[in-house]
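Trainee: fold the following, please.
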Amino acid sequence: MIYDQLDDYLSSRDLSYRHQSGLRSTFSTDTCLLHLTDFIRFNIDNGNCIGMVLFDRQKAFYTVDHPILLMKLEALGLYDSAVQWFRSIENS
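Mentor: Take a look at the predicted model:
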């Protein structure tokens with residue numbers, strides 16, 4: 001329910017990254033890899049150099065800087081009550 005409301009909010013205001021693949025019903029890892037492969041091939045074909053850094057974010061949820069996340073939610077224009085709800089989860 002919270003995810004759906006936040007996703008609707010971000011989508012209706014065009015605040016989501018259009019190539020976001022995680023947690024989107026019509027996107028997957030395959031979608032992300034296809035976009036990346038197309039991007040790399042396009043740039044190589046146009047004579048551009050491509051570099052990439054890969055790292056494992058297996059426990060990314062546990063490394064989220066919560067004060068920064070809350071600031072980003074505020075910057076996205078979420079109501080103060082919604083930001084306070086996320087803050088209450090952080091403290092529980």
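Trainee: where does residue 32 land in three-state SS?
Mentor: Using DSSP: H, G, I helix; E, B strand; the rest coil, the structure places residue 32 in helix.
Trainee: against residue 21, how distant is it?
Mentor: 4 Å (CB to CB, to the nearest Å). In this view, the C-beta of every residue, glycine as well, is placed from N, C-alpha and C.
Trainee: out of those two, which sits in the more crowded spot?
Mentor: More neighbours surround residue 21 than the other of residue 32 and residue 21, with 17 against 14 (other CB atoms under 10 Å).
Trainee: now the residue nearest to the spatial centre of the chain: phi and psi?
Mentor: For the chain, the residue nearest the mean C-alpha position is residue 20 (5.8 Å; CA atoms, centre = their mean). For residue 20, the backbone dihedrals are phi -60, psi 130 (criterion: degrees, to the nearest 10).
Trainee: my guess is it meets residue 26, correct?
Mentor: No. Judged on CB atoms under 8 Å, residue 20 makes no contact with residue 26 at a distance of 11.1 Å.
Trainee: so for the residue nearest to the centre of the chain, what's the nearest residue that isn't a sequence neighbour?
Mentor: residue 27 (7.1 Å; CB to CB, 6 or more residues apart in numbering).
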